[in-house]
Every structure is written in structure tokens, then in C-alpha cells.
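[1] Below are the sequence and a predicted model for it; my questions follow.
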Amino acid sequence: MITWPQGYGRRVLAEVDSTNAEAARIAPELAGPEWILGLRQTSGRGRRGRPWADPTGNFAATLIMRPAETPDQVALRSFVASLALHEAFVNATGRSEAFALKWPNDVLLYGGKVAGILLESAGFSGGSVSHIAIGIGVNLIHAPDAANVEQGATRPVSLLSETGAEVDPETFLDLLAAAYAHWETLFTTYGFEPIRTAWLARAARLGEVITARTTRDETTGTFETVDSQGNLVLNTAKGRVAIPAADIFF
Ligand SMILES: O=C(O)CCCC[C@@H]1SC[C@@H]2NC(=O)N[C@@H]21
């Protein structure tokens, strides 16, 4: 029996365009943080403007919150959400070694992508954002065809295909919401440092040579760490480079 975390709302929609879009619509009248689960999404969106396919049975949810924080602070929530996802997966399967976190915000299962996070914030005024939407998609039972993902991108996998675990979206929401509340309390109480340390302990390819690609350039180097701002730090032939945003290729 999983206990729903105190202070968090829970809304389940049979169908929605995108839970992140719905989150932005309800943000103005929000009383406190709220989870929105879409049992079916018709226009799910991924990072960098990519579409996110969401067949029935997969997990699509957004946590909408209104923390009085700067854009830089709220961006660190993607690490909080990654840790919560990792904990939810381990609790669902009992397999802690199977999961790893890929910078900035994917979860890998035996090296394949099983979940992604799309963090959107809006309404910057007086130093704070007006809301953040942490959108989370999990391939619970279906993974997109590898032919439909970008060349060189991590192969998509589903929880069912890799572990045999059959978890329905509402059960996964309960696991995730409980885990998120734990990591969120740690973040708001002690700041980013314990989150950074816990994230690094679960990081994929730490200490290995990886490539970070943006629309403008490509940097290859040894994955040294994630710094106190959440940047990826690579040790390259030209020295240490801190990268705020990129796609990673192994
Ligand atoms: O590109 C990625 O890896 C991030 C994918 C995020 C998809 C989720 S599904 C729930 C939420 N609503 C959306 O439209 N997108 C996010």
C-alpha cells in the first residue's frame, strides 16, 4: 500500500492533448503542487520540440508547482525528478542495478531509454518563475520503434520488455509521487548538494568518454561530474568544459 504524499493534488484525465499543456492552463488557479496524469495524450511533447508518442498503457504525467524561485533554481528540479523516477522504478521492480540516470534527464534501463523528463517554466517576474511543469513520460509497456528515433540516440525500451514487470499508470503515479515528495523535501531543506551527490551515484557513463551535442557544436571528453549549477562537466583535450544544455551520445 503506497501512501499519497500530503499536500500534493492528484488529477487523472482519460484523455488530454499534453499534460504539460494542461498544467500551464491550470497554473493560475493552483492552490498547491498537483500531479496531472493523462491516461492518453494526443499531442505529447518531448525535449527540443520533438513529439512524444504516448500509447495507452504508458505513463504521461506532469507535476505542476509554483515555487518562488529563479529559473536557475527551478531547472535543478529535473535532477530531483530523475531521482524520484529512479526510486519509483526500483520500488516497482526490485532491480536497483538495472537503472541509471543519463544527463540531463533521462532514465536508462539496461542501457536503453525507458523514461524522459520535459521541464517547462513560465512567467518570469520579480525574480521568480510563476510556475514550473515537470512532465514525465515512461514507456511502461510500449517503446517507440528504434527506427523512429534520431540517429545515434539511445535505443528506446519499455519496462515490460526489459523486466517483465506490468505496472499500470495509476500505480506508477503513486510510486512516483511518494518518491518525488521525499527528494523534493531534501532539495528544499538542504539545497542541491545532496541531490547532486545522489544523482552522481546513479549516473550513466561517469568517468567515460562521451559526446555532448547542441544545435551549434559538439564536445567530446571524459564525463567528470555535474557541477553545482547542474552543468555537465567534461574533461576535454582543451581543458575542462561546463555544458548547460545538450544531448549526450555514448
Ligand atoms: O524528450 C523527452 O525525453 C521528454 C519527454 C517528456 C514526455 C512527457 S509525457 C508527459 C508530459 N507531457 C508532455 O507533453 N510531455 C511530457
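    Arrived safely, thanks for sending. Numbers count the residues shown, from 1 in each chain.
[2] Tell me if residue 147 really is in a strand.
    No - counting by DSSP: H, G, I helix; E, B strand; the rest coil, residue 147 falls outside a strand, being helix.
[3] switch to numbering from 25
    Okay, residue one is now 25; in that scheme the one you just asked about reads as residue 171.
[4] so how many other residues sit close to it?
    Residues contacting residue 171 under the criterion other CB atoms under 10 Å number 5. No exception for glycine: its C-beta is placed from N, CA and C like everyone else's.
[5] Looking at it now. What's its pLDDT?
    Residue 171 is assigned a predicted lDDT (pLDDT) of 76.
[6] How about the one 5 residues further on?
    According to the predicted model, the pLDDT of residue 176 comes to 77.
[7] show me the contacts for it.
    By CB atoms under 8 Å, 6 or more residues apart in numbering, the contact set of residue 176 is residue 273.
[8] Secondary structure element for it, which one?
    Using DSSP states H and E, no element contains residue 176; it sits outside every helix and strand.
[9] With residue 202 instead?
    Residue 202 is part of helix 193-214 when elements are defined by DSSP H and E.
[10] residue contacts, residue 273?
    Residue 273 neighbours (CB under 8 Å, 6+ apart): 176, 177, 234, 235, 236, 237.
[11] again, but for residue 226
    Applying CB under 8 Å, 6+ apart, one finds that residue 226 lies in contact with 107, 110, 123, 124, 125.
[12] how near is it to residue 126?
    For residue 226, the distance to residue 126 equals 10 Å [CB to CB, to the nearest Å].
[13] CA atoms only for stretch 126-133 - export them in CSV, please.
    Output in CSV follows, covering the C-alpha atoms of stretch 126-133 (Å, rounded to 0.1, in the frame of the first residue of the first chain):
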residue,chain,number,x,y,z
LYS,A,126,21.5,10.0,-18.2
TRP,A,127,22.3,13.7,-18.0
PRO,A,128,20.4,15.8,-18.2
ASN,A,129,17.1,14.0,-17.5
ASP,A,130,16.6,10.5,-19.0
VAL,A,131,16.3,7.2,-17.2
LEU,A,132,18.1,4.2,-18.7
LEU,A,133,17.1,0.6,-18.2
